[in-house]
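>>> mind folding the following:
(one chain, ligands or ions: 1)
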Amino acid sequence: MDELIFLGTGDSMGVPRVYCDCMICEEARTTGMNRRYRSAVMIRTAEGDILIDCGPDWVTQMEQIEQRFVSHTLITHAHFDHIAGLPEWVDACRWLGQRGHIYSPSEVLETIRAQFPWLPRHLYFHEIKPEGMELYGWKIEPHLMCHGKNGMSYAFRLTKGDMCVGYCSDAINLSPDQKLFLMNLDLLILGTNFYHEEAEFHTRSVYDMVEAIELLQELQPSQVYFTHMGHGVDVEERYAIPSNVTLARTGMRIALTVEDA
Ligand SMILES: O=c1ccn([C@@H]2O[C@H](COP(=O)(O)O)[C@@H](O)[C@H]2O)c(=O)[nH]1
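Have a look, this model is predicted:
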C-alpha cells in the first residue's frame, strides 16, 4: 500500500528558529514535539519513492526515516526552503554513481539550473507539462498558485485509482481557478504558517489556519493535514479546527487509500 510520510512540516525557517527563545522554539529544542523541518513529503510505493521538495533539512530528514537514497524528486517552487538540499542530494547521486530525476514545470527547472549550475551533471531534468505526468502509477498534475508577496508556487494533484491527493504547501489568496484545482480531494495537504497571523495581508505569502478553514468550506476535501507551520503554532494546543483537519507532525505517515485517508 502506498504511503505518505511527512519529512518536514515547518515554515521557511523551520522550528526552532535559530535566533528565537519563544516557548515553542524552546519546546522544540527540548522535548521536540514542535520540532519542524522544512516542508517536504515522501510518497512510498511498491515500485519506488517520490520526494516532494528538497529543502535545507534533506539530510536530517533522510536520516530520520533511515532512508539512504531517493531517485525521483518533484519541486513545487525554486525557493530556498524547498530546493536548498538539492546540492546534497546531487552529491549523493555523484558518490553512488546514480543519476537522479528531478521534475517540475520548466521555469522552476530553469531557476534551479541558474542557482546550481552543476546539478545537470548528475540529474536528469524533466519538465512537468500542464497536462501532467505519470510516475509509479500516480498521475501528477501541476497548477500555479498565488504565493502572495513571494510570487508563485506550484501545487500538485496526485491521482492513483480512486485516491486523489493535493499538495499545496505555499499558497494564499487563491483565485477561483486555483481553488478549482484543489476541489474534491480525498486528502489535502495545505500550508498554514500561523493559527491567526497578525501581519498585514499584502506582506504575507501563506494562509493562516483561520483563512484555511474558510477555504476548506469551498474545497470540501475529505481529509486535511496542515503543514508549513511556523513557530507561532503549538501542535499540542487545542485549536478550533474541524474534525477532519490534523496538524501534521514530523514523521507522521498516512496510508494512501480512500478508506484510510
Ligand atoms: O525569490 C525568493 C523569495 C524568497 N525566497 C525564500 O523563500 C522563503 C520564504 O518563504 P515563505 O514560504 O514565503 O515564508 C525564504 O526562505 C526565502 O529565503 C527565495 O528563495 N527566493
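>>> now for whichever residue of the stretch 151-261 of the chain sits closest to the ligand: which residues touch it?
Ranked by CB to the nearest ligand atom, the top residue of the stretch 151-261 of the chain for proximity to the ligand is Ser205, at 3.3 Å. For the C-beta atoms, the positions are set from N, CA and C on the backbone; glycine is no exception. Counting by CB atoms under 8 Å, 6 or more residues apart in numbering, Ser205 touches 147-150, 170, 172, 193.
>>> spell out which residues of this structure are next to the ligand.
By CB under 6 Å from any ligand atom, the residues of the chain that approach the ligand are 11-12, 79-81, 150, 170, 205-206.
>>> could you work out the most separated pair of the residues you listed?
Distance extremes for the residues of the chain next to the ligand: the farthest pair is Phe80 and Val206 at 14.6 Å, using CB to CB.
>>> tell me which of those two has more neighbours.
Val206 (27 against 11; other CB atoms under 10 Å).
>>> over to Arg113. Which of the three states is it?
With DSSP: H, G, I helix; E, B strand; the rest coil as the basis, Arg113 sits in helix.
>>> show me where the chain has its strands.
3-8, 40-44, 49-52, 72-74, 100-104, 123-127, 133-135, 138-146, 152-160, 163-168, 187-191, 223-227, 245-247, 253-255 (DSSP state E).
>>> give me whichever of those is most buried.
strand 187-191 (a mean of 26; mean count of other CB atoms under 10 Å).
>>> what angle do that one and strand 152-160 make?
160 degrees (axes from the mean of the first three to the mean of the last three CA atoms, to 10 degrees).
>>> offset the numbering so it begins at 24, please.
I'll keep to 24 as the first residue from here, and by that count the last item is strand 210-214.
>>> state the mean pLDDT of strand 210-214.
On average, the pLDDT along strand 210-214 is 98.
>>> just want the angle from that strand to strand 161-169.
Going by the same axes, to 10 degrees, strand 210-214 makes 30 degrees with strand 161-169.
>>> alpha carbons of strand 210-214, as CSV, please.
C-alpha atoms of strand 210-214 as CSV (Å, rounded to 0.1, in the frame of the first residue of the first chain):
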residue,chain,number,x,y,z
LEU,A,210,-6.6,14.2,1.0
LEU,A,211,-5.4,17.8,1.0
ILE,A,212,-2.0,18.9,2.4
LEU,A,213,-2.1,22.6,2.8
GLY,A,214,0.4,25.1,4.2
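>>> starting at the chain centroid, how far to that strand?
Remark: strand 210-214 is offset 9 Å from the chain centroid, using CA atoms, centre = their mean, to the nearest Å.
>>> which residues touch it?
Residues contacting strand 210-214 (CB under 8 Å, 6+ apart): 27, 34, 62, 64, 186-194, 205, 229-230, 235, 238-239, 242, 244-251, 271, 277, 279, 284.
>>> same thing but 6 Å
188-193, 229, 235, 244, 246-251, 284 (CB atoms under 6 Å, 6 or more residues apart in numbering).
>>> farthest-separated two in those?
Val229 and Ala284 (23.5 Å).
>>> neighbours of His221, just the number please.
Not His; residue 221 is Glu. Count around Glu221 with other CB under 10 Å applied: 7.
>>> now Gly108
23.
>>> what's near enough to touch it?
77-79, 81.
>>> ditto for Thr226
Lys172.
>>> how far away is it from Glu237?
20 Å (CB to CB, to the nearest Å).
>>> make CSV from the residues of the chain next to the ligand and add pLDDT to it.
Shown next, in CSV, are the residues of the chain next to the ligand (pLDDT from 0 to 100):
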residue, pLDDT
Asp34, 98
Ser35, 98
His102, 98
Phe103, 98
Asp104, 98
Asn173, 97
Asp193, 98
Ser228, 98
Val229, 98
